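Enquirer: Sequence plus the predicted model coming up.
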Amino acid sequence: MDMKQVVIVGAGISGLLACKYCLSKGFNPTVFDLESDIGGVWVKTIKTTRLQAPKPLYQFSDFPWPESVVDVFPTQQQMLEYLRSYATHFDLMPHIKLQSRVSSISYDGPSSQAWSLWNGIREMSSSKGKWKVTVTDTRTATTQVYIADFVILCLGRFKDVPNMPKFPVGKGPEIFRGKAIHSMEYAAMDDDKAEAFVKGKKVVVVGFGKTGLDIARECASINAPEHPCTIVYRRDHWKLPDWAPWGIPMTYLYFNRFSELLVHKPGEGFVLNLLATLLSPLVSLSTTSKIAI
């Protein structure tokens with residue numbers, strides 16, 4: 001039997017796991033990621049970013065944190081080194097193509113793809129169609145089409161597309177005399193550029209989520225009392241972690257396979273549909289922040 005070709009989009013935590021799993025099943029995976037390094041959202045963060053969850057609750061089951069990492073909440077750099085070590089240990093790097101933009105995905109085959117394949121219930125060979133994945137190498141500007149038996153999307157919740165508010169005409173950033181950027185743009189700057197960007201300026205951060213508070217703290221530490229940072233938010237409320245709504249820890253709910261019941265799946269039966277609907281209030285809503293300078 002020919003080795004099945006699998007394309008995985010995204011080299012973050014989910015993409016690395018998908019790659020390792022495909023290899024363990026005898027498939028031939030290829031992982032594409034636009035960034036120059038593996039790690040997903042950990043590649044571009046502000047310099048003070050740390051892991052929000054205690055490290056024993058945020059590790060691969062078959063690859064624990066090294067003893068050299070003594071911090072309960074590791075730094076961004078420690079997180080990246082951990083992910084690189086994981087990829088090296090399981091020999092995933094030869095299957096990963098970085099600085100590769102997936103521009104289109106199309107399916108060539110029967111009009112009805114068997115959705116039972118989505119959760120791995122049946123063998124992948126039951127599909128007679130092929131996927132065409134168009135990928136551009138951003139270093140050489142060359143484009144290539146890859147043929148795959150299966151495609152796995154591991155893009156994540158907070159990747160590449162900022163959530164910008166809509167403003168009435170004449171009342172948006174176009175009339176603002178300063179510089180308005182999204183937190184995603186700020187996080188993409190290297191440390192020196194970010195510091196130079198806010199140094200000596202009055203900064204207003206719009207948003208009361210974790211990203212907004214992290215950026216406000218960093219800006220305040222750069223400018224000190226001479227140029228205080230202002231946070232603007234809609235209403236006063238207690239700031240609790242999104243994994244502990246109403247002060248009730250939900251960590252063990254999210255960090256196990258029970259969390260799969262919280263989302264709807266293609267082709268799900270009545271029971272799974274009912275469970276996902278009833279448990280939907282437990283799904284935390286993503287928050288975004290915007291910084292104005």
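Expert: Arrived safely. Residues are numbered from 1 along each chain as shown.
Enquirer: CA atoms for contacts and neighbours, from now on please.
Expert: Noted.
Enquirer: how much space is there between Val31 and Val271?
Expert: Distance, Val31 to Val271, using CA to CA, to the nearest Å: 34 Å.
Enquirer: who's more crowded, those two?
Expert: Set Val31 next to Val271 and count neighbours by other CA atoms under 10 Å: Val31 wins out with 27 against 9.
Enquirer: List phi and psi for that one.
Expert: The phi and psi values for Val31, taken as degrees, to the nearest 10, are phi -110, psi 130.
Enquirer: Confirm for me that it is in contact with Lys20.
Expert: No - applying CA atoms under 8 Å as the test, Val31 and Lys20 come out as separate, 10.7 Å apart.
Enquirer: how about the strands in the chain?
Expert: Assigned by DSSP state E, the strands in the chain fall at 5-9, 28-32, 96-97, 100-108, 130-137, 142-148, 150-153, 180-182, 204-206, 230-232, 290-292.
Enquirer: Between the ones you listed, which has the poorest mean confidence score?
Expert: Per-stretch mean pLDDT for those is lowest at strand 290-292 (a mean of 56).
Enquirer: got a list of what the residue of the chain positioned farthest from its centre touches?
Expert: Most distant from the centre of the chain: Glu226, at 35.5 Å, with distances by CA atoms, centre = their mean. By CA atoms under 8 Å, 6 or more residues apart in numbering, no residues touch Glu226.
Enquirer: so where's the stretch 51-200 of the chain shaky on pLDDT?
Expert: Along the stretch 51-200 of the chain, the parts satisfying pLDDT under 70 run over 111-127, 157-159.
Enquirer: The same query, at a cut-off of 50, please.
Expert: Scanning the stretch 51-200 of the chain for pLDDT under 50 picks out 114-116, 118-126.
Enquirer: quick one on the thing from earlier: now list whatever residues contact both of Val31 and Lys20.
Expert: Among the neighbours of Val31, none is also in contact with Lys20 (CA under 8 Å, 6+ apart).
Enquirer: Extract the C-alpha trace of stretch 203-216 and format it as PDB.
Expert: What follows is stretch 203-216 as a C-alpha-only set of coordinates in PDB (Å, rounded to 0.1, in the frame of the first residue of the first chain):
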ATOM      1  CA  VAL A 203       0.000  55.500  25.100                       C
ATOM      2  CA  VAL A 204      -3.700  54.500  25.300                       C
ATOM      3  CA  VAL A 205      -4.500  50.800  25.300                       C
ATOM      4  CA  VAL A 206      -8.100  49.900  24.300                       C
ATOM      5  CA  GLY A 207      -9.200  46.600  25.900                       C
ATOM      6  CA  PHE A 208      -9.100  45.000  29.300                       C
ATOM      7  CA  GLY A 209      -8.100  41.500  28.300                       C
ATOM      8  CA  LYS A 210      -4.800  39.800  29.200                       C
ATOM      9  CA  THR A 211      -3.100  41.100  26.000                       C
ATOM     10  CA  GLY A 212      -4.200  44.700  26.800                       C
ATOM     11  CA  LEU A 213      -3.000  44.500  30.400                       C
ATOM     12  CA  ASP A 214       0.300  42.900  29.400                       C
ATOM     13  CA  ILE A 215       1.000  45.700  26.800                       C
ATOM     14  CA  ALA A 216       0.000  48.400  29.200                       C
END
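Enquirer: where's it relative to the chain centroid, distance-wise?
Expert: Remark: stretch 203-216 is offset 19 Å from the chain centroid, using CA atoms, centre = their mean, to the nearest Å.
Enquirer: if we can go back for a sec, output the strands of the chain as JSON lines; include the columns distance to Thr49.
Expert: Shown next, in JSON lines, are those (distance: least, CA to CA, whole Å):
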{"stretch": "strand 5-9", "distance to Thr49": "25"}
{"stretch": "strand 28-32", "distance to Thr49": "25"}
{"stretch": "strand 96-97", "distance to Thr49": "26"}
{"stretch": "strand 100-108", "distance to Thr49": "26"}
{"stretch": "strand 130-137", "distance to Thr49": "30"}
{"stretch": "strand 142-148", "distance to Thr49": "35"}
{"stretch": "strand 150-153", "distance to Thr49": "26"}
{"stretch": "strand 180-182", "distance to Thr49": "17"}
{"stretch": "strand 204-206", "distance to Thr49": "17"}
{"stretch": "strand 230-232", "distance to Thr49": "19"}
{"stretch": "strand 290-292", "distance to Thr49": "17"}
